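Chemist: how would this look folded up:
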Amino acid sequence: MEDSPRDNLIVLVLSGSFALLVGLDLITDYQSGSSGAHLLLEGMLLATSGTFFVLAVKRLTVAKKEIASLQGDMEKLHQEKEQWKNETHQLLAGLSVKIEEQFGKWKLTKAETEVGFLLLKGFSLQEIADVRTTKIKTVQQQSQSIYQKTRLASRSELAAFFLEDLLPPKEAN
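Modeler: Okay, here's the model as predicted:
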């Protein structure tokens, strides 16, 4: 179970209040001449509650530092993601144009081209039918037509046709 900031603050306030009250009681008991054993017992209680309070403060301080560090990491990742998107946008747009050109060389119809792009994006046949507001049987026929015209056997071969050169070559063992 994770600690919430509210729970941590409650524990901190309660432990601090307890230590303060025990300390005040110890002073009052000392001034009224309580026995040494009683004062020793309350002194141990004060030390224990004070230690608990100090540990809680340290834990809260460490947690705040970790949160700040994680927020910094998240911001850095967000900036890196945006930078990557900006740098690759032009490349991806060019790839899209090249894919469409290849679809043209294969003489795919406009509908087959749309289905081909959706296949490459990883949509299921049912999702493609939903997006294009057609029946799944139509999408199945269009995908079979794509595979026949391209002489490729499957969606993975279609994807590999375009992506194979983007991946680093396998190293020889």
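Chemist: name the helices or strands packed onto the helix or strand harbouring A47?
Modeler: Per DSSP states H and E, A47 falls inside helix 36-105. Packed against helix 36-105, as judged by 3 or more CB pairs under 8 Å, 6 or more residues apart in numbering; DSSP states H and E, are the following elements: helix 5-31, helix 110-120, helix 155-163. Placement of C-beta: from N, CA and C, glycine included.
Chemist: Just the angle for it relative to helix 5-31, thanks.
Modeler: 170 degrees (axes from the mean of the first three to the mean of the last three CA atoms, to 10 degrees).
Chemist: which one of the helices and strands packed on helix 36-105 has the lowest average pLDDT?
Modeler: Set side by side, these give their lowest mean pLDDT on helix 5-31, at a mean of 80.
Chemist: Do you know the pLDDT at the residue nearest to the spatial centre of the chain?
Modeler: When CA atoms, centre = their mean is applied to the chain, the residue found nearest the centroid is M74 (9.2 Å). For M74, the model assigns a pLDDT of 96.
Chemist: quick one: contacts for it?
Modeler: The contact partners of M74, by CB atoms under 8 Å, 6 or more residues apart in numbering, come to none.
Chemist: Setting aside sequence neighbours, what's the nearest residue to S15?
Modeler: Nearest in space to S15, with sequence neighbours left out and distances taken as CB to CB, 6 or more residues apart in numbering, is F53 at 4.4 Å.
Chemist: Surely the one you found is in contact with L12?
Modeler: Yes - here F53 lies in contact with L12, judged by CB atoms under 8 Å, at a distance of 7.4 Å.
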